[in-house]
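**Q** can't give you the sequence, but here's the structure:
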C-alpha cells in the first residue's frame, strides 16, 4: 500500500477549492472585460441620453416617464397612461410589453432632474447591452472555452444591428430582447445535458422575452426546439424536446398578464393599420422595391452581407480541431444564419403567407436578431478553433473575417454622430422632437379607435415617411385645438346643458367628480374613451352609461337633474382578468414543480 503523507492528503483536499477560486477569478476578469466593453460602446447614451434623432427614442422615453411616474405613485401595472397625448390618456401598455420599463423604473430615484426620461432610457440601454454580453458569455462558455466565449460575447454586443437598436432606431424593447435570447439558449443547452431545474430557467427567461418584445418571439420561435434536438443524444432527445416545449408553454403562461390583453383587445386601437404603407412587411424584403427608401435598404443589405460573410468565414475556420458534436453545432448555427437571411428575402414570401402571424413582425430585417445570435455562436467556435493552432492554410478566412468585423464599428460611429443634436444641429427635427415631448404625443397606432381623426388617417401616406411625422403632428394639434375650444381646458366640462363640475380626485384609471346639474346635463372628461370606463354615482345602485364623444372620442356621459358625486373607473376587462389568472396559475405550477423536484432531489441524495 503506498505511503501517503498527511500533507499530501491535505493538498488533495485543498485542490478542488483552489480550482474553484481560480475559476471564479478568471470568470470575474472576463465579466469585467465584457462590462468595460459595453460601457465603452454605450458611452454616448450614458452621457447624453437616448439619441433625440433616433426613430423611436423619444416615444420610448415618453412612455417610460409616464409609466415610471405612475408606478412610483402606486399603480402596480400602469396600462393606461393618463397624462399621455396632452392629458387625454393612452392605453399603450395594454399592448406594449412592460418588462424593460419596469426594470428601468428602478433608476428613477437616481434621476430627479430627468423629467422626460431621456437619460434614464440611455442608462438603461447601457445596462441592457452589458447584460446581453454577460448572458451571452454564460451561454457560450458551455459550448466553447471561456476566453472564446468572452471574445464572442464582446462581439455580440458590438454587432451592427445590436448597436443600431440604440443609436439609429431607438428600439428600446428590442434591445432588451438581446439579453434574454442567450439565457434561453443557455437553459435549453442545460435541458439537453440533463441539468435539474433548467426547464424553470427556460420558462422564466422565455416569459421575460415574451413580455419584452413579441416580434422577437416570432423571429426566434423555432430555435429552442431545434437547438435541443441538435444537442441531445439519441436516448434523451424526445424527453429533452418535450421538456423544452413544456417550459416554453409555462413561460407563455407566466406572461399571460401581459399577453392576453395585448392579443385579445387590439380592435380597441388602430394597430391593424400598421400593416400598410411604410409599415407593411411586404415593402421590406431584401432586393424588393428599390424605388422607395433606397438608402435604408442599401444599409440593411450591406449589413446582412457583412454578417453573412463573417458567419461563413467563422464556420470554415472552426472546421478543424473540433469533434463531431461541435461540427454538428457548427452546421446548426450556420443553418440558422442562412435561414435568417432567407427569411429577409422575397424567396420566403410563401412562408409569410402561410404563417400569417409572422406579418406582425412588420419588417423582415428583424431576423437580424437571430442572425446576430447565430454569428456570435459561430465566432465563439471559430476563436476556440484558433486557440488550438488552426492551420496557416486558413489564413484567408481569418483575414476576411477580421476585416469585416473591423468595418462595422466605424460605420456605426459615423451614424451615431448624426443622431445627437449636440453633434448634428438640425433645428427642424429638434423642434419637432421637442414638440412631441411637450405634448406627450403617443404613437398613432395606440390611439383609441373612437377618435375619428385617428380612425380616418390615410396610413398609405406613410410611404412618404419624411412627411408622415409632420402629418401626425398637424393632426394631433387639431385634436388639441378642438378639445380646448370645447371648454375642456380643465379635466372635465359641461358638453350640453347648464351646471357645474368639479374634479375631486384624478389618478390612473380613476377620476372622482362632483356635478351640479339642475335640469340634467351631458359632461365630457379630458380622457379618451376606452371600453372599460364606467361611471358609478355614489349612494346609487345603477351605473351611468359611458360613451365616446364625437368627433374626438372623449369620455362622455349624461346625468339626470340634481347633484351627483360620480366615480369614473377604468375597470379590468375580461382579457385582463383572464391573463392575471393564467399568470398566477402558471406561477403556482412552476413553484409547485420546483418544490417537488427539490424534495425528490434531497431524497435521492439521502439514499
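**A** Thanks, I have it. Remember, it's a predicted structure, so these values are computed and weren't measured experimentally.
**Q** host element of the most centrally placed residue in the chain?
**A** For the chain, residue 173 is the residue whose C-alpha lies nearest the centre (C-alpha atoms, centre = their mean; 2.7 Å). Assigned by DSSP states H and E, residue 173 belongs to helix 172-192.
**Q** now the element after that helix, going C-ward?
**A** For helix 172-192, the succeeding helix or strand toward the C-terminus, using DSSP H and E, is helix 198-210.
**Q** which helices and strands sit right next to that next one?
**A** Secondary-structure packing of helix 198-210 (3 or more C-beta pairs under 8 Å, 6 or more residues apart in numbering; DSSP states H and E): helix 172-192, helix 214-219, helix 237-254, helix 574-606. Where C-beta positions appear, they are placed from N, C-alpha and C, glycine not excepted.
**Q** which one of those helices lies nearest to residue 549?
**A** Relative to residue 549, the nearest member of the helices and strands packed on helix 198-210 by C-beta to C-beta is helix 574-606, separated by 24.5 Å.
**Q** what about the closest one, distance to the chain center?
**A** Here the centre of helix 574-606 is set off from its chain's centre by 25 Å, with C-alpha atoms, centre = their mean, to the nearest Å.
**Q** list the buried residues of that helix.
**A** 575-576, 578-580, 582-583, 586-587, 590, 593 (16 or more other C-beta atoms under 10 Å).
**Q** export the residues you listed as a markdown table, with columns for pLDDT and distance to residue 464.
**A** Formatted as a markdown table, the entries for the buried residues of helix 574-606 read as follows, by pLDDT from 0 to 100; distance: C-beta to C-beta, whole Å:
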| residue | pLDDT | distance to residue 464 |
| --- | --- | --- |
| 575 | 96 | 36 |
| 576 | 97 | 38 |
| 578 | 97 | 41 |
| 579 | 97 | 38 |
| 580 | 97 | 42 |
| 582 | 97 | 42 |
| 583 | 97 | 42 |
| 586 | 96 | 45 |
| 587 | 96 | 47 |
| 590 | 94 | 49 |
| 593 | 89 | 54 |
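**Q** between those residues, which is nearest residue 568?
**A** Distances from residue 568 to those, taken as C-beta to C-beta, are shortest for residue 576 (17.4 Å).
**Q** surely that closest one and residue 259 touch.
**A** No. Using C-beta atoms under 8 Å, residue 576 is not in contact with residue 259; the gap is 11.1 Å.
**Q** and the chain, what are its domains?
**A** The record assigns the chain these domain ranges, following automatic domain parsing: 191-269+573-607, 448-457+470-571.
**Q** okay, these in CSV with distance to residue 44 next?
**A** Written out in CSV, the entries for the domains of the chain read as follows (distance: least, C-beta to C-beta, whole Å):
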stretch, distance to residue 44
domain 191-269+573-607, 23
domain 448-457+470-571, 27
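**Q** among those, which is nearest residue 93?
**A** For these, proximity to residue 93 was assessed by C-beta to C-beta; domain 191-269+573-607 is nearest, at 8.6 Å.
**Q** for the closest one, the distance to its chain's centre please.
**A** Relative to its chain's centre, domain 191-269+573-607 lies at 18 Å (C-alpha atoms, centre = their mean).
**Q** ok, now stretch 94-102?
**A** Taking C-alpha atoms, centre = their mean, the mean C-alpha location of stretch 94-102 is offset from the chain mean by 8 Å.
**Q** tell me how far the ends of it are from each other?
**A** Start and end residues of stretch 94-102 are separated by 14 Å (C-alpha to C-alpha, to the nearest Å).
**Q** and if you look at stretch 94-101?
**A** End-to-end span of stretch 94-101 (C-alpha to C-alpha): 13 Å.
**Q** which parts of it are buried?
**A** Burial within stretch 94-101, assessed by neighbour count using 16+ other C-beta under 10 Å, is assigned to 94-101.
**Q** one step back: of the helices and strands packed on helix 198-210, which is nearest residue 351?
**A** Taking C-beta to C-beta as the measure, the helices and strands packed on helix 198-210 were each checked against residue 351, and helix 214-219 came out nearest at 11.8 Å.
**Q** for that closest one, give the mean pLDDT please.
**A** For helix 214-219, the per-residue pLDDT values average out at 96.
**Q** could I get the full set of helices for the stretch 51-200 of the chain?
**A** Taking DSSP state H, counting those that start in this stretch as the criterion, the stretch 51-200 of the chain contains helices spanning 57-72, 84-87, 99-104, 118-140, 146-158, 160-167, 172-192, 198-210.
**Q** distance to residue 402 and mean pLDDT added to the ones you listed, as TSV?
**A** Output for the helices of the stretch 51-200 of the chain, formatted as TSV (distance: least, C-beta to C-beta, whole Å; pLDDT from 0 to 100):
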stretch	distance to residue 402	mean pLDDT
helix 57-72	32	96
helix 84-87	47	93
helix 99-104	34	98
helix 118-140	19	97
helix 146-158	11	93
helix 160-167	16	94
helix 172-192	23	97
helix 198-210	32	97
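**Q** how far is stretch 446-463 from where the chain is centred?
**A** Averaged over its C-alpha atoms, stretch 446-463 has a centre that lies 24 Å from its chain's centre (C-alpha atoms, centre = their mean).
**Q** no no, stretch 26-40
**A** Mean-position distance between stretch 26-40 and its chain equals 24 Å (C-alpha atoms, centre = their mean).
**Q** coming back round to it: closest to residue 477 out of the helices of the stretch 51-200 of the chain?
**A** helix 84-87 (9.6 Å).
**Q** so what secondary structure elements neighbour that closest one?
**A** Judged by 3+ C-beta pairs under 8 Å, 6+ apart, the packing partners of helix 84-87 are helix 57-72, helix 465-485.
**Q** which residues are contacting stretch 123-139?
**A** Applying C-beta atoms under 8 Å, 6 or more residues apart in numbering, the contact partners of stretch 123-139 are 30-31, 34-35, 37-39, 41-42, 45-46, 50, 100, 103-104, 107, 111, 149-150, 152-154, 156-157, 162, 166, 172, 175-176, 178-183, 185-186, 189, 376.
**Q** now do 6 Å
**A** 34-35, 38, 42, 45-46, 104, 107, 149-150, 153, 156-157, 166, 175-176, 178-179, 182-183, 185-186, 376 (C-beta atoms under 6 Å, 6 or more residues apart in numbering).
**Q** let's have the helices of the stretch 51-200 of the chain in CSV, adding distance to residue 441.
**A** Compiled in CSV, the helices of the stretch 51-200 of the chain are given as follows (distance: least, C-beta to C-beta, whole Å):
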stretch, distance to residue 441
helix 57-72, 8
helix 84-87, 6
helix 99-104, 18
helix 118-140, 15
helix 146-158, 32
helix 160-167, 22
helix 172-192, 17
helix 198-210, 28
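**Q** to residue 454, which of these lies closest?
**A** Closest approach to residue 454 among these (C-beta to C-beta): helix 84-87, 10.2 Å.
**Q** how far off centre is the closest one?
**A** The gap between where helix 84-87 is centred and where its chain is centred comes out at 24 Å by C-alpha atoms, centre = their mean.
**Q** how far is stretch 287-301 from where the chain is centred?
**A** The gap between the average C-alpha position of stretch 287-301 and the chain average comes to 25 Å, counting by C-alpha atoms, centre = their mean.
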